[in-house]
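In: For reference, the sequence and a predicted model appear below.
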Amino acid sequence: MSELEVLEGAAVLIGADGRIDAVGPYSELRRRARKAEVVEVEGVLFPGFIDAHTHAVFGPPRLADHERRARGVGYKEIAAAGGGILSSVRDVRAIAFEELLDLTRRRLGQLLAHGTTAVEVKSGYGLELEAELKQLEVIAALSDGPPFLIPTFLGAHEVPPEYRSDPERYVDLVIGEMLPAVVARGLARFCDVFCEPGVFTVGQSRRILEAAKGMGLELKLHADELEGSGGTELACELGAMSADHLAAVSERGIELLAASRTVAVLLPGTMWFLGQSRQAPARRLIDAGCAVALATDFNPGSSPGMSLPLMAMCGVSQMKMLPSEAVMAITVNAAAAVGEAHRRGQIAPGFEGDLVLVGVKDWRELAYWYGVNLVREVWVGGVACHPRRRPVHYLS
């Protein structure tokens, strides 16, 4: 995971279809394509960054939760008092589609400005059929991009208040009503479940994921975030594309991940923002042979961050990843975590022309500086699309 090829004085030739035709010395490619438009850049050109885990479709920010944490109130206590995920559920159920669409468009523009050219986006703040469909329809309405979007159904993000006394009935609703409606409309590529003590058990998660797989969806899993639950083991057993969070992953879970094709998606911004000292064991995972990706977990409650370069910096400074491993974690491995490794995450012939220009001299600076956005230009499918020329928009 630490092998990274760096080319000096190189050029990228992008074809009319938006895909990369060739990579090599500028003089060689210039002779090959004499009529091609030339865009000269200064800095380091990276593959487009891929955010493999976000909850980008939500209403207002959860500022009250943020203040409660500063007063010493814990994550679970905030949720028990009606904050947390359920606060965002109330907001999404109440908000008009057009307003939710506008908010999401603005926020995705900020991810794009930080170099993210492909984004996995989950539902999960509806927890009822119509509100879940509303979130997924927002994603569908923005699917022309940029950035490129990968939609995930997360109806099992939390048990809504009306089913707290009988969570199995809610699991039945997800399986019997929500999943068929989502699949019939073609609104999701993945299904995800929050498998965590106090949320959904391993047994409930298995039921939902097996049903989703039977309906043709690929699988992801929130696993072992705050407490070990066996979620990672379940993800590997079911052949999930990724197991995400993993701050409390077991040694057995690490062994199974290393022997599987499931990608470990780590979310350092979440634990950092929540004030937790424990991060997912990135070094142990990598040394064991696991494929590791980093993502923002962009959401209104526990990780309102939109910068993958910041996550890369956290990977190096907080999780003992090498700079090359951090870069791989937001490109190649992130692409694998969303089923896009065959066409995104690398600057190579046949891949999408998704590129990011970063204003640095040494590629290692990407995971070094923080508090400043060094992204100078972004291309998606070979088209320049950095949103800096657009009007400034508030995010709430």
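Out: It's in. Numbers count the residues shown, from 1 in each chain.

In: Distance-wise, check the closest residue to T54 other than its chain neighbours relative to G155.
Out: Among residues not flanking T54 along the chain, F298 sits closest, at 4.2 Å (Cβ to Cβ, 6 or more residues apart in numbering). Where C-beta positions appear, they are placed from N, C-alpha and C, glycine not excepted. Separation of F298 from G155 (Cβ to Cβ, to the nearest Å): 19 Å.

In: neighbour-wise, which of these two wins?
Out: Per other Cβ atoms under 10 Å, whichever of F298 and G155 has more neighbours is G155, with 34 against 27.

In: tell me the SS of E177?
Out: At E177 the chain is in helix, as set by DSSP: H, G, I helix; E, B strand; the rest coil.

In: Give me the neighbour count for the residue lying closest to it once chain neighbours are set aside.
Out: Closest residue in space to E177, ignoring its immediate chain neighbours: L129 at 5.8 Å, by Cβ to Cβ, 6+ apart. For L129, the count of nearby residues is 15 (other Cβ under 10 Å).

In: and L129, what does it touch?
Out: L173, E177, M178, A181 (Cβ atoms under 8 Å, 6 or more residues apart in numbering).

In: Just put the residues you listed in CSV and tack on neighbour count and pLDDT.
Out: As requested, the contacts of L129 are exported to CSV (neighbours: other Cβ atoms under 10 Å; pLDDT from 0 to 100):
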residue, neighbour count, pLDDT
L173, 18, 98
E177, 14, 98
M178, 24, 98
A181, 16, 98
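
In: Just give me the closest of these to S123.
Out: M178 (9.4 Å; Cβ to Cβ).

In: pretty sure that closest one contacts E132?
Out: Yes: taking Cβ atoms under 8 Å as the contact criterion, M178 and E132 are neighbours in contact, 5.9 Å apart.

In: any shared contact partners between those two?
Out: What both M178 and E132 touch, as defined by Cβ under 8 Å, 6+ apart, is the set F153, G155.

In: thinking again about what came up before, distance of the residue nearest to E177 relative to L187?
Out: From L129 to L187 the distance is 12 Å (Cβ to Cβ).

In: And the pLDDT for the closest residue to A282 other than its chain neighbours?
Out: Sequence neighbours aside, M319 is the residue nearest to A282 in space, at 3.8 Å (criterion: Cβ to Cβ, 6+ apart). pLDDT, the model's per-residue confidence, is 97 for M319.

In: So in this protein, where's the weakest helix or strand by average pLDDT?
Out: Least confident helix or strand of the chain, by mean pLDDT, DSSP states H and E, is helix 75-80 with a mean of 81.

In: tell me how far stretch 168-184 is from the chain's mean position?
Out: Remark: stretch 168-184 is offset 24 Å from the chain centroid, using Cα atoms, centre = their mean, to the nearest Å.

In: Just the buried positions in that stretch, please.
Out: Y170, V171, L173, V174, I175, M178, L179, A181, V182, V183 (16 or more other Cβ atoms under 10 Å).
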